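Enquirer: could you look at this predicted model? Sequence included:
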Amino acid sequence: MQGSRELKKQKLQLRGCRALCCSCRISVSSSEEAESSNSDRFLTISSLAHAMVQERLDQMIRERQEARQSEDRRRA
């Protein structure tokens with residue numbers, strides 16, 4: 001279960017990275033398309049930022065749990 005969760009996070013991060021790195025050249029034919037494109041990009045960047053924050057929080061939780069377990073082992 002956790003493996004598939006990590007895989008989803010990685011896919012989301014890669015998709016967001018591609019949006020940030022590879023979409024530098026955009027040609028649009030109308031201002032409406034430009035607005036839509038900017039909106040889509042914002043959602044992608046927002047999703048990437050959310051995934052990065054979530055990953056960092058997960059990492060902090062793991063580190064805290066590991067520190068607690070180490071401390072408990074030292075006490076025992």
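Expert: Received the coordinates, thanks. Numbering: from 1, shown residues only.
Enquirer: point out where the chain drops to low pLDDT.
Expert: Within the chain, the segments meeting pLDDT under 70 span 1-36.
Enquirer: at 50 what do you get?
Expert: Where the chain drops to pLDDT under 50, the residues are 20-26, 28.
Enquirer: would you map the helices across it?
Expert: 2-22, 31-75 (DSSP state H).
Enquirer: what's in contact with stretch 60-72?
Expert: Residues from elsewhere that reach stretch 60-72 (C-beta atoms under 8 Å, 6 or more residues apart in numbering): none. For every residue, glycine as well, the C-beta is placed using N, CA and C.
Enquirer: list the buried residues of it.
Expert: Under the neighbour-count criterion of 16 or more other C-beta atoms under 10 Å, stretch 60-72 has nothing buried.
Enquirer: also stretch 44-56?
Expert: For stretch 44-56, the neighbour count (16+ other C-beta under 10 Å) marks 44, 48, 51 as buried.
Enquirer: export those residues to a markdown table and tack on distance to residue 75?
Expert: Formatted as a markdown table, the buried residues of stretch 44-56 follow (distance: C-beta to C-beta, whole Å):
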| residue | distance to residue 75 |
| --- | --- |
| 44 | 47 |
| 48 | 41 |
| 51 | 36 |
